[in-house]
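Visitor: need a structure here:
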Amino acid sequence: MIVQRKSGERGYAHHGWLESWHSFSFADYRDPEHVHFGPLRVINEDIVQPGTGFGTHGHRDMEILTYVLSGTLRHRDSTGSSGDIRYGEVQLMSAGTGVQHSEVNPLQGEAVHLLQIWIMPDRQGLAPGYRQKDFPLKDKLARWCLLASPDTGNGSLLIHQDARVFAARLGASETLDYSLAEGRKAYLHVARGSLSANGYGLSAGDALMYSDEKGLSLANADDAEVLLFDLG
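Guide: Next up is the predicted model:
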């Protein structure tokens, strides 16, 4: 079964300094049909205005992955970790037993556009952790680039869940397939551009949810960038 989720069906909030679209229930957006998909709990598409951001706040028992599409996001947390995240770099923070952090746009002339993703961990009470890595664009061109996995395969970041997170970029005439093992689910999110997936026409912000399917087939791309979540 494949279920389509159009960009315009997502929750939306505008706070002046922040514009945000929610694929799943988040903050004041409540949708009992879209609370989570397996362990995938949050995909927020955020645009943060220059010189603003999320002040210090807390999380616990959640794997938090940040994927910057443009601009710069500056991270600091209570473990002593800090860093600027730009396009190509991915941050994965294990909130575990509890962590305080801030995320701000340090630039004065450019908004930062990002996806923040929460995945529920396979167990609670983990020690907080922070990992950040650059994944070159060449590794995403018409191929699946593994960003996060439970076994750090192919140099991916460690995530405490039976989940694998991939990114890919596709241009015109390029195609890309992905096989799903029996019993696994997949969530495909279009971060930019447009393409077709298993016959569905998709644009930025759209998503497909796969259950009991053999795999994905991507084609007809126009400068498309996608994230794929292979979930146990």
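Visitor: quick check, central residue of the chain?
Guide: The centroid of the chain falls nearest to residue 117 when counting by C-alpha atoms, centre = their mean (4.3 Å).
Visitor: a strand runs through it, doesn't it?
Guide: Yes - under DSSP: H, G, I helix; E, B strand; the rest coil, residue 117 sits within a strand.
Visitor: pretty sure it is touching residue 65, no?
Guide: Yes - between residue 117 and residue 65 there is a contact under C-beta atoms under 8 Å: 4.4 Å. Yep, even glycine has a C-beta here, placed from its N, CA and C like the rest.
Visitor: any common contacting residues for those two?
Guide: Residues touching both residue 117 and residue 65 (C-beta atoms under 8 Å, 6 or more residues apart in numbering): residue 165.
Visitor: quick one: the helices in this protein?
Guide: In the chain, no segments count as helices under DSSP state H.
Visitor: ranking helices and strands of it by mean pLDDT, which lands last?
Guide: strand 53-59 (a mean of 87; mean pLDDT, DSSP states H and E).
Visitor: in that one, what's buried?
Guide: Buried positions in strand 53-59, judged by neighbour count with 16 or more other C-beta atoms under 10 Å: 53, 54, 59.
Visitor: just to revisit the earlier point, any idea how far the residue nearest to the centre of the chain is from residue 26?
Guide: Distance, residue 117 to residue 26, using C-beta to C-beta, to the nearest Å: 12 Å.
Visitor: got any residues that touch both of those two?
Guide: Counting by C-beta under 8 Å, 6+ apart, the common neighbours of residue 117 and residue 26 are 42, 44.
Visitor: neighbours around residue 153, how many?
Guide: Here the number of neighbours of residue 153 (other C-beta atoms under 10 Å) works out to 10.
Visitor: so what's it up against?
Guide: For residue 153, the contacting residues are residue 146, by C-beta under 8 Å, 6+ apart.
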